[in-house]
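Novice: Sequence and predicted structure, then a few things I'm wondering about:
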Amino acid sequence: MDQPNPPSSGFVLSGAQRLVLKVLLNAVALGLTAQLFDSIWIEGFLSAVFAVIMLALTNTFIRPVLIFLTLPLTLLTLGLFTLVINALLFKLTSAVPFCFSLTRSIRDGFSHSRTIRPSGFDCDLTGLR
């Protein structure tokens, strides 16, 4: 005989709620990372959410192809080349102009921006309804 499922204790999140929660928590983590490191710049929380979504899309569609194409090099370096792939995907995400960028520090203390952003691009999205 099949017994009915016992009532669960605590929160039970649906798939969509779990996805939104993951995106928001990753956006908070990216914002904290931007606070810790001067080489990461984020305009605001909405930009962090867009950056997390873009990073998730690149990790979903581009990363498996790169992993497959660089498999011999990854095996030769005992998996350390995947760090290079992760850094390249992070850099690719920062190239999309939505108020998120990476900077590269030079040894003498100067830094210059390594982002592609059209001039006059305004990150203030508060006027949108």
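Specialist: Sure, I can see it. Numbering: from 1, shown residues only.
Novice: now the residue lying closest to Trp41 once chain neighbours are set aside, what's its secondary structure?
Specialist: Nearest residue to Trp41, sequence neighbours excluded (CB to CB, 6 or more residues apart in numbering): Ser101, at 5.0 Å. In this view, the C-beta of every residue, glycine as well, is placed from N, C-alpha and C. In three-state terms, and counting by DSSP: H, G, I helix; E, B strand; the rest coil, Ser101 is strand.
Novice: Ser101 contacts Thr93, doesn't it?
Specialist: No: Ser101 is not in contact with Thr93 according to CB atoms under 8 Å; the separation is 10.2 Å.
Novice: and Thr33, what does it touch?
Specialist: Neighbour list for Thr33: Ile40 [criterion: CB atoms under 8 Å, 6 or more residues apart in numbering].
Novice: Secondary structure element holding it?
Specialist: Assessed by DSSP states H and E, Thr33 sits inside helix 15-36.
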